[in-house]
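[1] model this:
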Amino acid sequence: MQHAPAARPSHASAVRALPGAALAAVLALGAAACAVGGRGTEGPAGPVPTTPQSPAALPSAELPPVLTRGQARAALVGAGDLGETWEPTQGAATWRDELLKATAERPDCRRLLDVLYTEDLFGTGAATAPRATAALDDVAGGAQLHYRVTSYRAADLDRTLAWLGTLPDTCGRFEARDADGTTRDVRVTGLPLPEAGDARGGLRVTVGGPAPDDGADTGADARADGGADTRADAGGRVLALDLVAVRVGDDAISLTNGTLGTPADEATRTAVEVGTQRLTEARRQGRAQV
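    Predicted structure coming up:
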């Protein structure tokens with residue numbers, strides 16, 4: 001007499017035979033599979049869309065580590081560096097609004113005027129905001145020097161320096177016009193600088209009265225006669241302004257040094273030399289701390 005083969009246990013019976021812990025694991029795996037495969041009879045779901053992010057919110061591997069604010073302040077120049085007649089500023093010079101708040105037809109010249117007025121040489125965004133600033137007055141000569149330390153990408157800093165180098169050709173002489181329609185004769189020349197930092201650029205900009213109708217280069221004639229500039233406006237005011245920047249790695253110093261009269265050349269050179277040395281030392285100490 002043959003015995004009938006034993007019935008195979010059903011799936012349900014096998015599930016019931018599983019210990020409690022194993023059953024919990026099976027149910028958890030099944031739930032995960034349903035979540036991946038989608039609901040009902042739908043096919044596998046596509047990639048989960050990501051939420052778009054603003055470029056400003058995304059981390060950038062290209063942005064260099066910036067100086068701390070303490071390190072940037074250590075790279076500033078002070079009144080004691082420039083001489084006995086210099087002291088912390090008492091406020092923005094009045095010629096800033098009188099002679100620099102103007103515009104020009106050519107884009108590069110218009111941008112130059114904006115930079116001279118705002119002093120935002122490397123841009124106006126949060127990434128290019130100065131890490132430290134100083135403002136000093138020459139109480140004897142009437143000059144005012146503004147100094148900044150900025151951290152940004154070396155390639156972008158160099159592009160700005162290269163742009164400065166083009167301005168004596170593209171904006172060597174042009175007319176600026178203020179909100180009242182008054183025109184100013186503007187001259188731009190290259191400014192020799194000490195061999196400082198990794199890269200550097202400098203301009204001397206003079207802003208005076210209306211350009212002569214005959215087109216004579218009165219500025220060149222005046223310099224030949226000892227430096228006085230005859231392009232005075234009705235108030236006898238001609239602004240001479242140095243604009244300088246020096247890059248050291250991914251950091252830079254920039255300054256403006258302006259006066260109604262003879263420029264304080266020595267102050268500009270001293271600020272460049274002393275400032276570059278201090279920025280180099282601040283960067284070295286920062287790396288040592290890391």
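
[2] wait, doesn't Tyr152 sit right on Gly125?
    No - Tyr152 is not in contact with Gly125 according to C-beta atoms under 8 Å; the separation is 9.6 Å. The C-beta positions use only the backbone N, C-alpha and C, and glycine is treated the same way.

[3] in the stretch 101-250 of the chain, which spans are helices?
    107-118, 154-170, 218-224 (DSSP state H, counting those that start in this stretch).

[4] output the contacting helices and strands for the second one.
    If contacts are counted by 3 or more C-beta pairs under 8 Å, 6 or more residues apart in numbering; DSSP states H and E, helix 154-170 sits against helix 107-118, strand 183-190, strand 199-207, strand 239-248.

[5] confidence-wise, which helix or strand of the protein is lowest on average?
    helix 218-224 (a mean of 38; mean pLDDT, DSSP states H and E).

[6] coming back round to it: out of the helices of the stretch 101-250 of the chain, deepest packed?
    helix 107-118 (a mean of 18; mean count of other C-beta atoms under 10 Å).

[7] for Val149, give its distance to Ala271.
    Per C-beta to C-beta, to the nearest Å, Val149 is found 12 Å from Ala271.

[8] for stretch 69-88, buried residues please.
    Residues of stretch 69-88 classed as buried by neighbour count (16 or more other C-beta atoms under 10 Å): Gln71, Ala72, Arg73, Ala74, Ala75, Leu76, Val77, Ala79, Asp81, Leu82, Trp86.

[9] how about residues contacting it?
    67, 130-141, 145, 147, 149, 151, 251, 253, 266-267, 270-271, 274-275, 278-279, 281-283, 285-286 (C-beta atoms under 8 Å, 6 or more residues apart in numbering).

[10] show me where pLDDT drops low in the stretch 51-200 of the chain?
    The model of the stretch 51-200 of the chain has pLDDT under 70 over residues 51-65.

[11] returning to that earlier point: tell me which of Tyr152 and Gly125 has more neighbours.
    Each of Tyr152 and Gly125 has its neighbours counted (other C-beta atoms under 10 Å); Tyr152 has more, 21 against 10.

[12] tell me the mean pLDDT over the helix ranked longest in the chain?
    The helix that spans the most residues within the chain, counting by DSSP state H, is helix 265-289. The pLDDT scores in helix 265-289 average 89.

[13] can you redo the buried residues of stretch 69-88 as a markdown table with distance to Pro194 and secondary structure?
    Converted to a markdown table, these look like this (distance: C-beta to C-beta, whole Å; DSSP: H, G, I helix; E, B strand; the rest coil):
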| residue | distance to Pro194 | secondary structure |
| --- | --- | --- |
| Gln71 | 23 | helix |
| Ala72 | 21 | helix |
| Arg73 | 23 | helix |
| Ala74 | 20 | helix |
| Ala75 | 16 | coil |
| Leu76 | 18 | coil |
| Val77 | 14 | coil |
| Ala79 | 20 | helix |
| Asp81 | 14 | helix |
| Leu82 | 15 | helix |
| Trp86 | 19 | strand |
